[in-house]
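Undergrad: Predicted model, plus sequence, below.
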Amino acid sequence: MPSADFEPVIGLEVHAQLLTRTKIFCGCSTRFGAPPNTQVCMVCLGLPGALPALNRAAVEMAIKAGKAFGCRIAERSIWARKNYFYPDLPKGYQISQYELPICSGGAVPVPGLGRIALERIHLEEDAGKNVHTANGSEVDLNRSGVPLIEIVGKPELRSAEEASEYLKSLRLSLIYLGINDGNLEEGSFRCDANVSVRRKGASKLGTRVELKNINSFRFVRQAIEFEIGRQVGVIEGGGKVVQETRLFDNEKGVTRSMRSKEEANDYRYFPEPDLPPLRVSKEWLQSVTIPRLPQDFADELTASGVSLADARTIVSDPRLVDAHRRVGGDPKRAALFVVGELARAVNDKEADLGALAFDPALVREVWKLQDGGAISSTAAKEVLAELIRTGEAPQKIVERKGLSQVSDAFELEAVVDAVIARNPAEVEKYKGGKANLLGFFVGQAMKDLKGKGNPGALNALFKKKLGGF
């Protein structure tokens with residue numbers, strides 16, 4: 001491979017839309033999907049004389065992220081104007097933070113990679129959206145002014161796969177914090193990737209190329225892998241990598257040049273004159289609490305005996321964590337139900353994690369019926385499937401569907417005697433040493449009992465009648 005002598009260096013900048021009801025500097029709604037240009041006012045349209053007013057909820061969500069990732073939260077941070085002209089930025093500048101962001105330092109925990117360091121987290125407003133059609137280009141400014149945090153990671157990632165795992169962990173943490181919905185398709189979680197390559201063993205970073213606005217984990221991997229190969233090819237061909245911004249064409253699987261990369265001085269940052277410095281008091285900082293993060297739940301699950309694979313599946317969705325908690329009982333058995341029967345029902349559209357039709361605590365009643373011999377393991381699966389679909393009490397399901405297991409000694413003995421009587425040849429072989437025929441006899445009895453016999457009791461009876469091995 002041509003890249004064997006090279007090492008990629010990757011840093012990601014993630015834009016995460018905050019789950020506030022209104023925009024960061026005005027009272028317009030942040031609801032997604034409204035008709036174009038219906039959620040705008042003089043502030044987010046950038047009309048002359050309109051003054052921004054800061055949304056306190058957005059600040060508290062940024063503080064949550066900072067506390068969760070171990071950042072230093074600034075007591076005083078500064079708003080800045082980032083000047084550039086696009087059709088979707090009506091003011092001609094974006095209100096952001098530059099020299100003094102609200103959060104600095106910190107790290108994101110990533111399973112298998114450890115903690116990936118952060119440079120900073122800062123607040124800013126989103127721009128609008130350009131919509132390109134066959135009839136021309138249009139602008140929807142509903143998104144203009146929507147609150148964002150930009151999470152700037154240090155260049156510590158060394159492969160496209162590592163970058164993808166980092167993004168998955170960061171997205172999940174933000175969802176658990178309740179500050180971002182993680183919706184990549186709607187653009188509320190998207191990233192820019194800074195990619196460079198250098199000879200293995202070199203300490204100096206190569207020329208950085210920015211890949212802009214990627215909103216799919218698969219596309220992130222594809223874009224970074226292509227870009228690594230492209231840059232290595234340029235260098236090995238005797239050329240030099242140009243610092244620029246490139247877009248990823250997901251249909252062709254290639255990156256293409258968008259514009260030369262701007263530096264900070266190109267944006268002519270200066271303090272925003274219409275907003276005072278943001279001050280976070282110690283009291284305010286202490287009042288913002290953070291919930292447990294995915295890694296905390298994963299560690300707790302594995303410590304209780306749940307496999308690492310099952311733990312990761314469960315923590316991939318906070319609703320699965322809640323379902324596991326509500327099932328209760330043996331954590332390992334509850335985990336098997338969540339990643340088994342419940343996950344299958346969700347995949348088959350027979351259950352909605354957002355509105356379960358059943359009380360998860362009823363699962364323990366099914367286990368009790370199974371463990372007590374009232375129903376077989378096969379019947380238990382049927383009862384669980386019906387419970388998930390309907391929410392009906394397990395005992396009522398058993399009675400309605402006639403799933404009770406036959407454990408009556410006299411009834412079982414009669415069936416065992418009948419099986420032995422009609423299979424004399426197999427009885428002789430069994431007594432002659434073919435112990436595996438015990439399964440045949442139990443199977444015949446279960447067939448006579450239409451699957452409702454107690455397998456353990458049948459095993460014991462056959463051994464008693466035929467002479468156990």
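TA: Structure received. Residues are numbered from 1 along each chain as shown.
Undergrad: okay, the residue nearest to residue 130 when sequence neighbours are not counted: pLDDT?
TA: Excluding its sequence neighbours, the residue lying closest to residue 130 (CB to CB, 6 or more residues apart in numbering) is residue 88, at 5.2 Å. The way it works is simple: take the backbone N, C-alpha and C, and place the C-beta from them, glycine included. pLDDT, residue 88: 90.
Undergrad: Show me what counts as buried in the host helix or strand of residue 395.
TA: Here residue 395, judged by DSSP states H and E, is contained in helix 394-401. Neighbour-count burial for helix 394-401 flags 394-395, 397-398 (criterion: 16 or more other CB atoms under 10 Å).
Undergrad: before we move on, back to that, for the residue nearest to residue 130, what are its contacts?
TA: Residue 88 is in contact with 127-130, 139-141, 144, counting by CB atoms under 8 Å, 6 or more residues apart in numbering.
Undergrad: A strand includes it, no?
TA: No: applying DSSP: H, G, I helix; E, B strand; the rest coil, one finds residue 88 to be coil, outside a strand.
Undergrad: Give me the distance between the two termini of stretch 425-438.
TA: Stretch 425-438 has an end-to-end distance of 13 Å (CA to CA, to the nearest Å).
Undergrad: List the contacts of it.
TA: 420, 440-441, 459, 462-463, 466-467, 469.
Undergrad: neighbour-wise, which of these leads?
TA: When those are compared by neighbour count (other CB atoms under 10 Å), residue 462 ends up highest, at 25 neighbours.
Undergrad: how about the strands in the stretch 201-350 of the chain?
TA: Taking DSSP state E, counting those that start in this stretch, the strands of the stretch 201-350 of the chain run over residues 209-214, 244-249, 254-260, 270-271, 278-279.
Undergrad: tell me which residues in the first one are buried?
TA: Spelled out, it's strand 209-214. Result for strand 209-214 [16+ other CB under 10 Å]: buried residues 209-212, 214.
Undergrad: Let's have those in TSV, adding pLDDT and distance to residue 251.
TA: Below are these laid out as TSV (pLDDT from 0 to 100; distance: CB to CB, whole Å):
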residue	pLDDT	distance to residue 251
209	94	20
210	94	21
211	94	16
212	87	16
214	85	14
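Undergrad: circling back: tell me the mean pLDDT for the helix holding residue 395?
TA: 93.
Undergrad: other SSEs contacting it?
TA: For helix 394-401, the packing partners by 3 or more CB pairs under 8 Å, 6 or more residues apart in numbering; DSSP states H and E come out as helix 363-371, helix 377-390.
Undergrad: I'd like to know which of the ones you listed is closest to residue 218.
TA: Closest to residue 218 of the helices and strands packed on helix 394-401 is helix 377-390 (CB to CB; 30.6 Å).
Undergrad: Would you list the phi and psi of residue 133?
TA: phi -130, psi 180 (degrees, to the nearest 10).
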